[in-house]
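Trainee: any chance you could fold what I've pasted below:
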Amino acid sequence: MVVVTPTSQSRAEDVAALRGFWSSLGASTVEMTPEEHDRAVAVTSHMPHLVASAIAGATPAEYVTLTAGGWLDTTRIAAGDPNLWRQIFSPPRESDGGVVAIRSDVGQLASAIEAGDAAALERLLTEGKRIRDAVGS
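Mentor: Next comes the predicted model:
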């Protein structure tokens, strides 16, 4: 997948040539504004890294020997270079609105669990599963 991010200064024929180039190499292309691209990357790349790091960081050292495939799969990207990720997140940018979305979703899940609201919990988990299933394996 290649994202082409034309601006108001981009010539239509150049954008078409870029899409054609990538398509000729077998890539799928999608067109977004640079701002849309930044928001998409914040949600699909940056936020998963934060969540993976939070899960790994919340795991007490004495439980590490008990971890298995789910923990390893979920935290794999937390092994990335902390200096690189600090630079990605500093300073905060408008496109990092994914932090708000993650906080909201985790808060809703936590509230449903704390309230014993099985219907809300199932609804939230079902929505997460629906979106994940749409991606495929």
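Trainee: give the other helices and strands that the helix or strand bottoming out on mean pLDDT in the chain contacts.
Mentor: Ranked by mean pLDDT, DSSP states H and E, the weakest helix or strand in the chain is helix 98-115, scoring a mean of 86. Packing partners of helix 98-115 (3 or more Cβ pairs under 8 Å, 6 or more residues apart in numbering; DSSP states H and E): helix 47-57, helix 118-135. Yep, even glycine has a C-beta here, placed from its N, CA and C like the rest.
Trainee: and the contacts of it?
Mentor: Around helix 98-115, the neighbours that count as contacts under Cβ atoms under 8 Å, 6 or more residues apart in numbering are 39, 42-43, 46-47, 50-51, 117-118, 120-121, 124-125, 128.
Trainee: where does this structure dip in pLDDT?
Mentor: Low-confidence segments of the chain, defined by pLDDT under 70: 92-98.
Trainee: re the thing from before, redo the helices and strands packed on helix 98-115 as CSV? Include distance to residue 66 and mean neighbour count.
Mentor: Converted to CSV, these look like this (distance: least, Cβ to Cβ, whole Å; neighbours: other Cβ atoms under 10 Å):
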stretch, distance to residue 66, mean neighbour count
helix 47-57, 14, 16
helix 118-135, 23, 11
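Trainee: domains in this protein, by residue range?
Mentor: Structural domains annotated on the chain: 1-31, 35-135, as defined by automatic domain parsing.
Trainee: do you know which of the helices and strands packed on helix 98-115 lies nearest residue 22?
Mentor: Checking the helices and strands packed on helix 98-115 against residue 22 by Cβ to Cβ gives helix 118-135 as the closest, at 20.9 Å.
Trainee: from the centroid of this structure, which residue is nearest?
Mentor: By Cα atoms, centre = their mean, the chain has its centre lying nearest to residue 44, at 2.3 Å.
Trainee: distance of it from residue 106?
Mentor: Look at residue 44 and residue 106: by Cβ to Cβ, to the nearest Å, they are 17 Å apart.
Trainee: again, but for residue 41
Mentor: Noted for residue 41: a distance of 20 Å to residue 106, by Cβ to Cβ.
Trainee: the more surrounded of these two?
Mentor: residue 41 (16 against 13; other Cβ atoms under 10 Å).
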